[in-house]
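Asks: Here is my input; please provide its structure:
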Amino acid sequence: MLQAYVEMIDIEVSHWRNLQALMLDSAKGKNKIIILHDKGEIEKFAHSDGRAINRPITKISNAQQDAKTVYEANKDSVEFVMILERSASDEYFKRIQDAWTVNDDIDEYVNRAFRLMGEFGEDIVTYPSPANEQLGLQWRLGASYDAIKASVERFVPAESTVVIGICEEESLWASLILSFDKDKRISIITSVDLMDREFGGSKEQIAKDMLEWAGKKYPPISLGLFTDLSSARTFLKSKDKVPALLDLLHQGKVIINPATSELSRLTSGA
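Replies: Predicted coordinates for the structure are as follows:
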């Protein structure tokens with residue numbers, strides 16, 4: 001779905017930063033305890049921020065239970081505990097590196113990496129969330145990768161562009177423009193250019209201006225989605241996307257313009 005050589009061009013820094021805050025969650029900046037062991041014998045027991053640690057264990061006997069025990073003893077200073085068995089983690093990274101090909105879609109490869117992590121559930125362990133939901137850079141979209149991919153296949157025509165705008169207090173808080181190739185893989189990721197044009201006013205006015213601007217730069221536009229920040233958060237947190245979208249449409253919180261024929265049929269009763 002995401003080309004190996006996708007173009008990320010002319011992205012408005014503030015919009016990209018806002019989108020990351022809204023949709024991504026990184027383990028890198030979180031306070032955590034890292035425990036590295038070799039078949040149970042602990043080789044490293046450290047806090048990512050260098051803080052003192054309560055150490056209720058001296059050996060790893062059951063990584064899942066031990067991670068919980070360490071977390072409960074230090075939960076005031078950490079967001080999660082990670083336990084790695086040395087040989088298993090080496091094997092995991094070897095298999096990930098061997099699985100890469102230059103023709104891989106980037107997102108497909110990353111998704112495969114997280115799925116493979118699930119096969120090491122006794123040796124690559126985090127608590128309170130599983131490692132494949134906690135480590136790395138996680139999308140917080142309230143939907144699985146397979147569900148997102150299926151939605152693109154269903155609602156986005158090939159060789160077209162999707163425009164997304166999120167508004168806050170009569171200004172454009174974030175924008176995302178995605179162009180898809182003939183195979184429905186993302187070929188361009190960008191945003192509007194705030195140096196080129198101002199985008200402000202009502203949600204309706206911002207939608208009109210964004211479509212006009214993007215239509216000249218990245219035609220043809222097949223789908224436009226525009227909402228406010230609060231509604232975007234509500235939609236992303238929802239587990240059942242269709243009812244959530246229909247509810248927001250009914251409340252007038254979302255503008256879909258233009259809409260693909262498939263999406264029009266879905267939302268015709270809203």
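Asks: Mind listing residues that contact stretch 171-178?
Replies: Residues from elsewhere that reach stretch 171-178 (CB atoms under 8 Å, 6 or more residues apart in numbering): 12, 15, 18-19, 22, 161-167, 186, 188-192, 194, 199-200, 206, 210, 214, 217-218, 229. Placement of C-beta: from N, CA and C, glycine included.
Asks: Now the buried members of the residues you listed.
Replies: Buried members of the contacts of stretch 171-178, counted by 16 or more other CB atoms under 10 Å: 12, 15, 18-19, 22, 161-167, 186, 188-192, 199, 206, 210, 214, 217-218.
Asks: what's the nearest residue to I189 once chain neighbours are set aside sitting at in phi/psi?
Replies: In space, and not counting its chain neighbours, I189 is closest to M8: 4.8 Å by CB to CB, 6 or more residues apart in numbering. The phi/psi pair for M8 (degrees, to the nearest 10) reads phi -110, psi 100.
Asks: Verify the stated contact: M8 with S187.
Replies: No: in this structure, M8 is not within contact of S187 by CB atoms under 8 Å, at 10.7 Å.
Asks: Compare these two (neighbour count), which wins?
Replies: Neighbours per residue, other CB atoms under 10 Å: of M8 and S187, the larger number sits with S187, 17 against 10.
Asks: For the more buried one, which non-adjacent residue is spatially closest?
Replies: D181 (4.5 Å).
Asks: That neighbour: how many residues sit nearby?
Replies: Quick note: D181 (other CB under 10 Å) scores 14 neighbours.
Asks: Pull the contacting residues for the residue at the greatest distance from the centre of the chain.
Replies: The outermost residue of the chain, judged against the average C-alpha position, is T58 (36.3 Å), by CA atoms, centre = their mean. T58 is in contact with I42, counting by CB under 8 Å, 6+ apart.
Asks: Kindly report the same for I166.
Replies: N18, L22, L172, W173, A174, S175, F226, T227, D228, L229, A232.
Asks: Pull out the buried residues from these.
Replies: Here, 16+ other CB under 10 Å leaves N18, L22, L172, W173, A174, S175, F226, T227, D228, A232 buried among the contacts of I166.
Asks: now, which of the residues you listed sits nearest E91?
Replies: Minimum distance to E91 across the buried ones among the contacts of I166 is 35.3 Å, recorded for L22 (CB to CB).
Asks: And the pLDDT at that closest one?
Replies: Note for L22: predicted pLDDT of 95.
Asks: Which elements pack onto the helix or strand containing it?
Replies: L22 belongs to helix 13-23 when assigned by DSSP states H and E. Helices and strands touching helix 13-23, by 3 or more CB pairs under 8 Å, 6 or more residues apart in numbering; DSSP states H and E, are strand 172-180, helix 229-237.
Asks: Run the angle between it and strand 172-180 for me.
Replies: Our comparison of helix 13-23 with strand 172-180, counting by axes from the mean of the first three to the mean of the last three CA atoms, to 10 degrees, yields an angle of 90 degrees.
Asks: So which bits of the helix or strand following helix 13-23 are buried?
Replies: Next along the chain after helix 13-23, taking DSSP H and E as the criterion, comes strand 24-26. For strand 24-26, the neighbour count (16+ other CB under 10 Å) marks no residue as buried.
Asks: residues contacting the residue nearest to the spatial centre of the chain?
Replies: With distances taken as CA atoms, centre = their mean, the residue of the chain nearest its centroid is W139 (2.0 Å). By CB under 8 Å, 6+ apart, W139 lies in contact with M23, L24, D25, Y145.
Asks: For stretch 82-92, give the mean pLDDT please.
Replies: On average, stretch 82-92 scores 95.
Asks: Identify each buried residue in that stretch, please.
Replies: Within stretch 82-92, the residues scored as buried using 16+ other CB under 10 Å are M82, I83, L84, E85, A88, Y92.
Asks: now swap in stretch 107-122 and tell me
Replies: By 16+ other CB under 10 Å, the buried positions in stretch 107-122 come out as D107, V110, N111, R112, A113, F114, M117, F120.
Asks: Just flag the most distant two among the residues you listed.
Replies: Pairwise distances across the buried residues of stretch 107-122 peak at 21.2 Å for D107 and F120 (criterion: CB to CB).
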